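Participant: starting from these lines, generate the structure:
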Amino acid sequence: MKIHEYQAKELFRKSGIPVPEGKICKDKKDISSLLEGMKTPVAVKAQILAGGRGKGGGVILAKTIEEAQDAANKILGMQLITKQTGAEGTEVQTILFEQGVGIARELYLSILVDREEADIVIIASRDGGMDIEAVAEETPERIIKVHVNPLLGLQGYQVRELIFGLGIEPSSAKSFAGIVKKLFSVFVSYDCSLVEINPLVITTDDEVIALDAKVDIDGSSLFRHPDIVEMYDDSEEDKLEAAAASYNLNYIRLNGTIGSMVNGAGLAMATMDLIKQAGVEPANFLDVGGGANAEMVENGFKIILSDPNVRGIFINIFGGILRCDILAEGVVAAAKNIGLTLPVVVRMEGTNVEEGKRILADSGLSLTSATDLEHAATLLAAI
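Facilitator: A predicted model of the protein is given here:
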């Protein structure tokens, strides 16, 4: 689960990580009153769950209060387009007014899970404020990686490795070390998959401040963090993905024309590959899980059919916990309840598969049983 910059900075403040003073604005009529008393310069920052805001015009440094008012009126309500939003962009519903600071140096600092090494990795660079991907590609020698054993935790020598690698001056080293330790604590305490500060700045007064903040929390851990759940903003979620989540379905919307429904994430990935190999494109990833029932199947159909691009559906089920005859009954009931008219290809294997195929054949609906994956691919290509 991603949270906004201003929310991430609330976590930072609680953990003792220095951040600039700021105010949140959600309504244009409040702009003047919120800016009253703020010292210039003022950073006006769009709050959306995507990177690249500055390049898209969503971050403006105003030298006067009048410039800040103009910037706020421009940004609040705009459709902000960045590389991460796609061509449609995202409406800016919240902006952050933040006190400007005198910047001497900009650094990059992040902590994330390294799945290949099965540990936690701290990534840092002297090139803060830039696209870290571009830095890694063009000047990889300027990227520092420190791997941390999650059982041992962050060690003092690892913090010193970062200090020396980034060339931190002695006057700022103690503050920098404190931020690294506190950021690592945030990462572990909140079950994060990513925390990032870009840029982490050293001011002209030798203070170290998190000028930006990005936090991504493992959704499976949210039962432990009710305070984080309250930060959830569904305004930027795909409407179908949000609806699927309310039905306890694992759904991701894609751009194709063939909707799919499977039981198991691995099978879902293989099914999307099969759809592409058939010469068509998957419209979604949808895993109903091993314990799916007729109601979940019906809800899955509703979600798939809510996508206007879908012109056919592929159901690929391995009957283990979920018996094939139970699935078939659920598919038939769901198809009748929602008045399904699109062609549906069903490939089933496993427990009671023959009974399941009989139920589909006797339904009188446009439900075609595939004998195997090759046959399924042929049928999909013809849709």
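Participant: which strands or helices does the longest helix seen in the chain pack on?
Facilitator: For the chain, the longest helix by residue count, based on DSSP state H, is helix 170-189. In this structure, helix 170-189 makes packing contacts with helix 5-15, strand 103-114, strand 119-125, helix 156-166, strand 192-203, strand 208-210, judged by 3 or more Cβ pairs under 8 Å, 6 or more residues apart in numbering; DSSP states H and E. Where you see a C-beta, it was placed from the backbone N, CA and C, and this is true even at glycine.
Participant: let's see that with 6 Å instead.
Facilitator: With contacts taken as 3 or more Cβ pairs under 6 Å, 6 or more residues apart in numbering; DSSP states H and E, helix 170-189 sits against helix 5-15, helix 156-166, strand 192-203, strand 208-210.
Participant: return the distance of the next helix or strand after the shortest one from the chain's centre.
Facilitator: Going down the chain from strand 208-210, the next helix or strand is strand 214-217, by DSSP states H and E. Taking Cα atoms, centre = their mean, to the nearest Å, the mean C-alpha location of strand 214-217 is offset from the chain mean by 9 Å.
Participant: listing partners with orientation, what would you give for strand 214-217?
Facilitator: Here strand 214-217 has these sheet partners by DSSP bridges: strand 2-3 (antiparallel), strand 192-203 (antiparallel).
Participant: what's the closest of the helices and strands packed on helix 170-189 to Ala335?
Facilitator: Closest to Ala335 of the helices and strands packed on helix 170-189 is strand 192-203 (Cβ to Cβ; 38.2 Å).
Participant: what comes up buried for the closest one?
Facilitator: Cys192, Ser193, Val195, Glu196, Ile197, Asn198, Pro199, Leu200, Val201, Ile202, Thr203 (16 or more other Cβ atoms under 10 Å).
Participant: what about the fourth one, distance to Gly77?
Facilitator: Distance check for Glu196 against Gly77: by Cβ to Cβ, to the nearest Å, it reads 27 Å.
Participant: also Ile168?
Facilitator: Going from Ile168 to Gly77 by Cβ to Cβ gives 41 Å.
Participant: more crowded one of these two?
Facilitator: A direct count of neighbours by other Cβ atoms under 10 Å for Ile168 and Gly77 places Ile168 higher, at 21 against 13.
Participant: for the more buried one, which non-adjacent residue is closest in space?
Facilitator: Nearest residue to Ile168, sequence neighbours excluded (Cβ to Cβ, 6 or more residues apart in numbering): Phe176, at 5.1 Å.
Participant: confidence score at that neighbour?
Facilitator: Here the pLDDT value assigned to Phe176 is 97.
Participant: and the helices in the chain?
Facilitator: Using DSSP H, the helices of the chain run over residues 5-15, 31-35, 65-75, 132-138, 156-166, 170-189, 226-229, 239-246, 265-277, 294-305, 324-338, 353-361, 373-381.
Participant: what would these look like in JSON lines with mean neighbour count and distance to Thr85?
Facilitator: Conversion of these to JSON lines gives the following (neighbours: other Cβ atoms under 10 Å; distance: least, Cβ to Cβ, whole Å):
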{"stretch": "helix 5-15", "mean neighbour count": "19", "distance to Thr85": "15"}
{"stretch": "helix 31-35", "mean neighbour count": "16", "distance to Thr85": "24"}
{"stretch": "helix 65-75", "mean neighbour count": "18", "distance to Thr85": "14"}
{"stretch": "helix 132-138", "mean neighbour count": "13", "distance to Thr85": "17"}
{"stretch": "helix 156-166", "mean neighbour count": "16", "distance to Thr85": "31"}
{"stretch": "helix 170-189", "mean neighbour count": "17", "distance to Thr85": "26"}
{"stretch": "helix 226-229", "mean neighbour count": "12", "distance to Thr85": "23"}
{"stretch": "helix 239-246", "mean neighbour count": "15", "distance to Thr85": "15"}
{"stretch": "helix 265-277", "mean neighbour count": "17", "distance to Thr85": "23"}
{"stretch": "helix 294-305", "mean neighbour count": "21", "distance to Thr85": "23"}
{"stretch": "helix 324-338", "mean neighbour count": "20", "distance to Thr85": "32"}
{"stretch": "helix 353-361", "mean neighbour count": "18", "distance to Thr85": "41"}
{"stretch": "helix 373-381", "mean neighbour count": "18", "distance to Thr85": "31"}
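Participant: turn these into CSV, including distance to Glu106.
Facilitator: Converted to CSV, the helices of the chain look like this (distance: least, Cβ to Cβ, whole Å):
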stretch, distance to Glu106
helix 5-15, 16
helix 31-35, 25
helix 65-75, 21
helix 132-138, 12
helix 156-166, 11
helix 170-189, 13
helix 226-229, 28
helix 239-246, 35
helix 265-277, 39
helix 294-305, 44
helix 324-338, 54
helix 353-361, 61
helix 373-381, 51
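Participant: how about those, which one is nearest Val146?
Facilitator: Among the helices of the chain, helix 156-166 sits nearest to Val146 (Cβ to Cβ), with 5.0 Å.
Participant: quick one, the closest one and strand 192-203 angle?
Facilitator: Here the directions of helix 156-166 and strand 192-203 differ by 50 degrees (axes from the mean of the first three to the mean of the last three Cα atoms, to 10 degrees).
Participant: give me the residues contacting helix 156-166.
Facilitator: Ala124, Arg126, Ile144, Val146, Ala173, Ala177, Val180 (Cβ atoms under 6 Å, 6 or more residues apart in numbering).
Participant: from those residues, pick the one nearest Ile303.
Facilitator: Nearest to Ile303 among the contacts of helix 156-166, counting by Cβ to Cβ, is Ala124 at 41.7 Å.
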